[in-house]
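Colleague: give me coordinates for this.
(one chain, ligands or ions: 1)
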Amino acid sequence: MDTQYTPKDEALYWDQEYKNGRIRWHRDQVHQILVNHYDKLNPGGKHSRVLVTMCGMSEDMNWLVDRGLQVIGIDFAKHALHKFMCLDGQEWTGCPVKELGHDAKLFTRDDGKIKLFYGDVLNLSPEIDGKFDAIYDCSSIHNLPKPKASRMANVLKKILNPGGRILLDAIDYDLKILELEDLNLQAPVPPPYPMNLKDVKELFEPECTVELVETHIETIFCMRETDFNCYLITKK
Ligand SMILES: C[S@@+](CC[C@H](N)C(=O)[O-])C[C@H]1O[C@@H](n2cnc3c(N)ncnc32)[C@H](O)[C@@H]1O
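Modeller: Below you'll find the model as predicted:
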């Protein structure tokens, strides 16, 4: 299997992953890092909304709504968003968002507590839905090759208010393991691309400070125990 696969049509690639149920990153319950570090993302519970980048169909969005926040998710896998809305069982209304892309859409749950943008996160700007004080990026930015990760970091820095925070969880592994013959590849990799503290600092400094808040081990990557690092990024 090609271990250096980079999908040509990334939106289609991700959509197919959801369609075929190859969603090894998805969990049915809230991610423990969000529970552990929510107070750092939203100190004193003072913020009223949170942006969830590359949200997929993450259960974390419901957990954030239960904390009283309005959730604004964005993803370009149609299947993931549709599945999330279907499982949610509530009424949703869709409308086009030309500023985000020619076929981009905004789906709003009728109670207004969740809004889902169908579109490319790289096209996000403050003109589309204002600026944010809290952004949650879980298993997201590490899916982009370095030049795109850098573009995404610039987007996030632009839409983050001064003092605003990003809770970011990303994988770290040695690229050499991709050469191992007994690697249990369930799908071509990368993505995800490994990211360490230095990489995250390169993306977000000097406009932000970057702090490593937790390292945890997951087995979702090639069925191997792999480090994931959770960072708190604060805009100066
Ligand atoms: C590994 S999944 C993680 C999903 C979610 N964060 C979670 O923890 O369940 C990566 C997600 O990033 C989305 N994605 C990748 N590149 C994107 C982009 N440029 N714009 C919007 N979504 C993107 C994919 O569609 C996919 O849902």
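Colleague: whichever helix in the chain runs longest near the ligand anywhere?
Modeller: Secondary structure of the chain read by DSSP state H shows that its longest helix is helix 146-159. No - residues of helix 146-159 are not located near the ligand by C-beta under 6 Å from any ligand atom, the shortest gap being 7.1 Å. Heads up, the C-betas are built off the backbone N, CA and C, glycines and all.
Colleague: off-centre distance for that helix?
Modeller: 13 Å (C-alpha atoms, centre = their mean, to the nearest Å).
Colleague: what residues sit buried inside that helix?
Modeller: K148, A149, M152, A153, V155, L156, K157, I159 (16 or more other C-beta atoms under 10 Å).
Colleague: got TSV for those, with pLDDT too?
Modeller: Shown next, in TSV, are those (pLDDT from 0 to 100):
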residue	pLDDT
K148	95
A149	97
M152	98
A153	98
V155	98
L156	98
K157	98
I159	98
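Colleague: show me where the chain has helices.
Modeller: Using DSSP H, helices in the chain cover 10-19, 32-41, 60-66, 78-88, 126-129, 146-159, 197-204.
Colleague: as a markdown table, the ones you listed with distance to D169 would be great.
Modeller: As requested, these are exported to a markdown table (distance: least, C-beta to C-beta, whole Å):
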| stretch | distance to D169 |
| --- | --- |
| helix 10-19 | 18 |
| helix 32-41 | 5 |
| helix 60-66 | 10 |
| helix 78-88 | 18 |
| helix 126-129 | 23 |
| helix 146-159 | 14 |
| helix 197-204 | 11 |
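Colleague: closest to E214 out of those?
Modeller: helix 32-41 (6.2 Å; C-beta to C-beta).
Colleague: mean confidence for that closest one?
Modeller: Per-residue pLDDT values across helix 32-41 average out to 98.
Colleague: K40 against C230, yeah?
Modeller: No - K40 is beyond contact range of C230, at 9.5 Å (criterion: C-beta atoms under 8 Å).
Colleague: joint contacts of these two?
Modeller: Overlap of the contact sets of K40 and C230 (by C-beta atoms under 8 Å, 6 or more residues apart in numbering) consists of L167, V213.
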